[in-house]
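Chemist: Turn this into a model:
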Amino acid sequence: MNKKVLVISTSPRKGGNSDTLADFFIQGAREKGHAVEKVTLFDKQIGFCKGCLTCQSTQKCIIQDDANAIIEKMKEADVLVFATPIYYYGLSGQMKRATSTPPTAPTPGTRPKKPSTPSEPRTISPARMPGQAAWWIRCRRMRPSL
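Modeler: Below is the predicted model of the structure:
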């Protein structure tokens, strides 16, 4: 069964290590017949969450930036892949910023009718230092803020 795959490259550099790994993943997914779209964050404008909680009642963020279009693509994807560099044993700032907007935050006391997270979230990341294995342990527990 072919799936709709969204790859979000959070590398600050076009052609950087994680961006290149994402391209190899995309090539393999397309060879298997999946529909793949890549979104790069290095050329996007994404604001910071203001904590206004408007999203809890409207299911939309009031900040008008590139995040809103990315969020809609995330909701439509069957498979969501984050490609991120690791800086100081954590996610890149670009990835933290991109995933800080809660696109389907439910109203307190309610539950969404269907899961808002794609069934198969994945992460691609290069690691240069052995200590970065700790990030992989955290990554297994990570659930994208969808």
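
Chemist: What segments of the chain are helices?
Modeler: 17-31, 55-58, 67-76, 93-98, 133-141 (DSSP state H).

Chemist: Run through the neighbouring helices and strands of the first one.
Modeler: When contacts are defined as 3 or more Cβ pairs under 8 Å, 6 or more residues apart in numbering; DSSP states H and E, helix 17-31 packs onto strand 4-9, strand 35-40, strand 79-83, strand 120-124. Heads up, the C-betas are built off the backbone N, CA and C, glycines and all.

Chemist: now that helix: mean pLDDT?
Modeler: The pLDDT scores in helix 17-31 average 93.

Chemist: So what touches it?
Modeler: Applying Cβ atoms under 8 Å, 6 or more residues apart in numbering, the contact partners of helix 17-31 are 5, 7, 9-11, 13, 36, 38, 40, 81, 83-85, 124-126.

Chemist: Pick the most buried one from the helices of the chain.
Modeler: Most buried of the helices of the chain by mean neighbour count (mean count of other Cβ atoms under 10 Å) is helix 93-98; its value is a mean of 19.

Chemist: circling back: now the buried members of the contacts of helix 17-31.
Modeler: Buried by 16 or more other Cβ atoms under 10 Å: 5, 7, 9-11, 36, 38, 40, 81, 83-85, 124-126, out of the contacts of helix 17-31.

Chemist: of all those, which comes closest to Gln56?
Modeler: Distance to Gln56 across the buried ones among the contacts of helix 17-31 (Cβ to Cβ) is lowest for Thr10, with 25.7 Å.

Chemist: I figured the closest one was touching Met95, is that so?
Modeler: Yes - contact criterion Cβ atoms under 8 Å: Thr10 and Met95 qualify, at 3.9 Å.

Chemist: Now do the shared contacts for these two.
Modeler: Joint contacts of Thr10 and Met95 (Cβ under 8 Å, 6+ apart) are 41, 82, 84.

Chemist: Among those residues, find me the one that's closest to Lys50.
Modeler: Nearest member of the shared contacts of Thr10 and Met95 to Lys50, counting by Cβ to Cβ, is Leu41, at 19.5 Å.

Chemist: residue contacts, that closest one?
Modeler: By Cβ under 8 Å, 6+ apart, the residues touching Leu41 are 8-11, 94-95, 98.
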